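Student: Sequence first, then the predicted structure, then my questions.
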Protein chains: 2
Amino acid sequence: MDKLLDVLKVLSDQTRLRILNLLYEKELCVCDIMETLQISQTKASRHLIYMKNARLVKDRKYAQWAYYSMDKDEKMKFIDSLILENLRSIELYQKDMENLKVWLNKKNISDESSCNEPHAART
Amino acid sequence: MDKLLDVLKVLSDQTRLRILNLLYEKELCVCDIMETLQISQTKASRHLIYMKNARLVKDRKYAQWAYYSMDKDEKMKFIDSLILENLRSIELYQKDMENLKVWLNKKNISDESSCNEPHAART
DNA sequence: TACTTATATTAACCTAAACGAATATAATAA
DNA sequence: TTATTATATTCGTTTAGGTTAATATAAGTA
């Protein structure tokens, strides 16, 4: 059970780094990630599962949603350093975080608490 | 120039992690790494070049030898944490370090300062 | 010079892994 | 029940990347 190598493999893909950066902020459902990063549902779901298999994130099912969050491991301190000191000084990941805020605002305004909003805004 | 992603890709392979662990100790030539890890010359050389391209290590040519060492980057502090707190608590990497000591001793005893020693020890 | 040693490069092969499209599953809503 | 929403899975394709064997290069030595 070489968890370390699994984790490092998960960290070697840009999409997964972008997801990790978002989840480091807060728990999110798959659709939040799709919307924020503008990636397909398949892609979001699959990468999240990879990350879960490496025990870098965990999931929680509620109704029809799957909420993912960091599965923090006391021993993997280098991950915090990587995210806070490296990822977050890169423009791409900064923009992702801004887009997340915009998306979450929009979601809260148009609907109470769910992801089931058509992507073209209501009038 | 996304150096971070390049570095993370380099870190996602066990052979390269083993090499990194050794180079974190001291500058080594290719043959030291081949001997210590018991891997082929091609494999050692190629992985070292990958690592060099990601600017994780640097090389110095002296006579017929190529000496590799860490190319430390002030901004990549997570790498120190990864090596010291994670890698070095894993048996495989600990054994590699022991093997390195044994090899370097043997090299120093049998020859003054070079790698050009037949692998079957002299009598 | 020819020979040896150390390292790098090339080529062929093979496996891992990323991707999109389509489909399956499962919960909810009408 | 049927339809909708959210997520997961499967399939086929394609690309990236690891491995070995063979060869090239380049420095040192006899």
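Tutor: That came through fine.
Student: Please read off the pLDDT at the residue in chain A that DNA strand C sits nearest to from the model.
Tutor: Taking C-beta to the nearest atom of the strand as the measure, chain A has A:Ala63 as its residue closest to DNA strand C, at 3.5 Å. For glycine as for every other residue, the C-beta is placed from the backbone atoms N, C-alpha and C. Predicted confidence (pLDDT) for A:Ala63: 93.
Student: which stretches of chain A form helices?
Tutor: Along chain A, the stretches classed as helices by DSSP state H are A:3-10, A:14-23, A:30-37, A:41-53, A:77-81, A:91-110.
Student: Which neighbouring elements make contact with the helix or strand bottoming out on mean pLDDT in chain A?
Tutor: Taking all helices and strands of chain A together, the one with the lowest average confidence (mean pLDDT, DSSP states H and E) is helix A:91-110, at a mean of 94. Contacts of helix A:91-110 with other secondary structure elements, assessed using 3 or more C-beta pairs under 8 Å, 6 or more residues apart in numbering or on different chains; DSSP states H and E, are made with helix A:14-23, helix A:30-37.
Student: Where does pLDDT dip in chain A?
Tutor: Applying pLDDT under 70 to chain A picks out residues A:1, A:111-123.
Student: ok, which residues in chain A are in contact with DNA strand C?
Tutor: Neighbours of DNA strand C within chain A, by C-beta under 7 Å from any atom of the strand: A:9, A:12-13, A:15, A:39-40, A:42-43, A:46-47, A:50, A:63-64.
Student: Please repeat the previous calculation with a cut-off of 6 Å.
Tutor: Counting by C-beta under 6 Å from any atom of the strand, the residues of chain A lying close to DNA strand C are A:Lys9, A:Asp13, A:Thr15, A:Ser40, A:Thr42, A:Lys43, A:Tyr50, A:Ala63, A:Gln64.
Student: from those residues, which single one is nearest A:Met70?
Tutor: Comparing the residues of chain A next to DNA strand C against A:Met70 with C-beta to C-beta places A:Tyr50 closest, at 14.7 Å.
Student: show me what contacts the closest one?
Tutor: Remark: with contacts taken as C-beta atoms under 8 Å, 6 or more residues apart in numbering or on different chains, A:Tyr50 is in contact with A:Val10, A:Arg16.
Student: and with 6 Å instead?
Tutor: For A:Tyr50, the set of contacting residues under the criterion of C-beta atoms under 6 Å, 6 or more residues apart in numbering or on different chains consists of A:Val10.
Student: For B:Ser12, see how far away it is.
Tutor: In this structure, A:Tyr50 and B:Ser12 are separated by 12 Å, where distance is defined by C-beta to C-beta, to the nearest Å.
Student: which residues does the residue sitting nearest the centre point of chain A contact?
Tutor: Centrality entry for chain A: nearest residue to the mean C-alpha point is A:Ile19, 3.4 Å, by C-alpha atoms, centre = their mean. Contacts here follow C-beta under 6 Å, 6+ apart; on that basis A:Ile19 touches A:Ile33, A:His47.
Student: quick one on the thing from earlier: pull out the buried residues from the least confident helix or strand of chain A.
Tutor: Of the residues in helix A:91-110, those buried under the neighbour-count criterion (16 or more other C-beta atoms under 10 Å in any protein chain shown) are A:Tyr93, A:Asp96, A:Met97, A:Leu100, A:Trp103, A:Leu104, A:Lys107.
Student: hang on, isn't the first one packed against A:Asn86?
Tutor: In this case it means A:Tyr93. No: counting by C-beta atoms under 6 Å, A:Asn86 is not a contact partner of A:Tyr93; they are 9.2 Å apart.
Student: Tally up the residues packed near A:Glu35, please.
Tutor: By other C-beta atoms under 10 Å in any protein chain shown, the residues close to A:Glu35 number 22.
Student: So what's the gap between stretch A:64-81 and the chain middle?
Tutor: 10 Å (C-alpha atoms, centre = their mean, to the nearest Å).
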